[in-house]
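A.B. asks: Need coordinates for the following:
(one chain, ligands or ions: 1)
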Amino acid sequence: MTMLDVRGVTKQFGSLVAVSEVSMLVAPGELRAIIGPNGAGKTTFFNMISGFFPPTRGEIVFDGTTITRMPVAARVAMGMARTFQITEIFPELTVGQNVRIGVESALGLRQRVWLGGRDAAAVRQGIEEALVMTGLASKAGRLVGELSHGDQRAAEIATALTLKPRLLLLDEPTAGMGEHETYAVANLIRRLHRNSSYTIVLIEHDMRVVFNLADKITVLTEGKLLAEGTPAEIADNPAVQEAYLGKAE
Ligand SMILES: Nc1ncnc2c1ncn2[C@@H]1O[C@H](COP(=O)(O)OP(=O)(O)OP(=O)(O)O)[C@@H](O)[C@H]1O
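C.D. replies: Alright, predicted model coming up:
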């Protein structure tokens with residue numbers, strides 16, 4: 001079974017080929033990391049999966065449905081959630097209020113002025129589940145803007161989880177974080193993967209995070225697929241060592 005089947009996607013910006021015929025199969029419950037030097041095409045590849053723009057050529061199939069040209073909202077409705085390199089969440093609201101927006105949207109209750117008892121209970125339950133899963137239950141009343149980077153990322157992931165996504169796309173989840181916060185966010189991702197069996201595809205620059213978390217790694221260089229395999233296979237791959245791991249970023 002395959003959750004995500006990317007078939008030979010290419011993206012051209014004018015004469016620049018940012019991604020060239022890259023394929024990737026992600027199994028349900030898998031955690032896949034996409035790595036590569038700056039400009040390798042990781043973000044472009046990610047943007048095609050999440051629907052930010054369509055590929056110039058190639059196909060993308062999500063859980064059996066071809067989504068190549070499907071808009072972002074339709075992909076979200078199918079169970080694809082994405083977080084961004086720069087946290088996208090309302091800093092002036094509390095963690096709980098942010099998560100509530102996600103839960104109400106996911107339940108189709110966002111425009112309602114008044115919620116009946118059953119809907120209100122479902123919203124409460126959705127908020128609690130997302131907060132517990134991300135370790136934020138004790139911080140529900142805190143303003144997001146006052147939290148650490150790591151907790152802000154956790155709050156963003158909590159909001160993404162309210163969609164009950166079948167595929168979670170994380171764009172550099174530890175970007176700009178210090179050691180302590182990186183560790184906390186990596187642990188959260190590990191819990192979501194190991195304990196809750198989320199299927200996760202992430203772009204990540206921190207190699208310790210990648211090699212500790214990923215089931216499989218996709219390596220891109222200059223828009224092409226250089227290698228794909230388990231962390232051990234990638235670490236042993238001479239082409240990867242030469243093209244990427246040996247170089248300081
Ligand atoms: N919208 C765009 N228009 C034109 N060129 C683009 C566009 N987006 C990306 N590119 C180019 O495509 C190539 C791949 O960029 P991309 O951002 O996908 O790489 P990346 O691996 O994510 O890099 P980084 O690690 O620095 O984020 C680069 O040469 C970039 O300049």
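
A.B. asks: Okay, domains of the chain per the record?
C.D. replies: 1-79+165-249, 91-164 (automatic domain parsing).

A.B. asks: now those domains in TSV, with distance to the ligand, mean neighbour count and mean pLDDT?
C.D. replies: All C-beta atoms are positioned from the backbone trio N, CA, C, and that covers glycine. Output for the domains of the chain, formatted as TSV (distance: least, C-beta to the nearest ligand atom, whole Å; neighbours: other C-beta atoms under 10 Å; pLDDT from 0 to 100):
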stretch	distance to the ligand	mean neighbour count	mean pLDDT
domain 1-79+165-249	3	18	93
domain 91-164	17	18	88
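
A.B. asks: Identify all contacting residues around stretch 225-238.
C.D. replies: 21-24, 36, 210-211, 214-220, 239-240, 243-245 (C-beta atoms under 8 Å, 6 or more residues apart in numbering).

A.B. asks: Can you list phi and psi of residue 41 for me?
C.D. replies: Dihedral pair for residue 41: phi 110, psi 10, per degrees, to the nearest 10.

A.B. asks: contacting residues around it?
C.D. replies: With C-beta under 8 Å, 6+ apart, residue 41 has these contacts: 11, 18-20, 22, 220, 222-224.

A.B. asks: measure stretch 52-63 end to end?
C.D. replies: Stretch 52-63 has an end-to-end distance of 19 Å (C-alpha to C-alpha, to the nearest Å).

A.B. asks: Need the residues that contact it.
C.D. replies: 2-12, 19, 21-23, 47-49, 66-69, 72, 75, 78-80, 166-167.

A.B. asks: which stretches of this protein form strands?
C.D. replies: Secondary structure of the chain, counting by DSSP state E: strands at 4-13, 16-26, 31-35, 57-62, 65-66, 80-83, 167-171, 200-203, 216-221, 224-229.

A.B. asks: Check which helices and strands the longest one is in contact with.
C.D. replies: To tie it back to what came earlier, the one meant is strand 16-26. Secondary structure elements in contact with strand 16-26, counted by 3 or more C-beta pairs under 8 Å, 6 or more residues apart in numbering; DSSP states H and E, are strand 4-13, helix 42-50, strand 57-62, strand 216-221, strand 224-229.

A.B. asks: repeat that for 7 Å
C.D. replies: strand 4-13, helix 42-50, strand 224-229 (3 or more C-beta pairs under 7 Å, 6 or more residues apart in numbering; DSSP states H and E).

A.B. asks: Next: the third one.
C.D. replies: The helices and strands touching strand 31-35, judged by 3+ C-beta pairs under 7 Å, 6+ apart, are strand 200-203, helix 207-213, strand 216-221.

A.B. asks: quick one: contacts for the nearest residue to residue 188 once chain neighbours are set aside?
C.D. replies: Spatial nearest neighbour of residue 188, excluding adjacent residues (C-beta to C-beta, 6 or more residues apart in numbering): residue 154 at 5.6 Å. Residues counted as contacts of residue 154 (C-beta atoms under 7 Å, 6 or more residues apart in numbering) are 134-136, 185, 188.

A.B. asks: Now for these: which two are most distant?
C.D. replies: 136 and 185 (12.3 Å; C-beta to C-beta).
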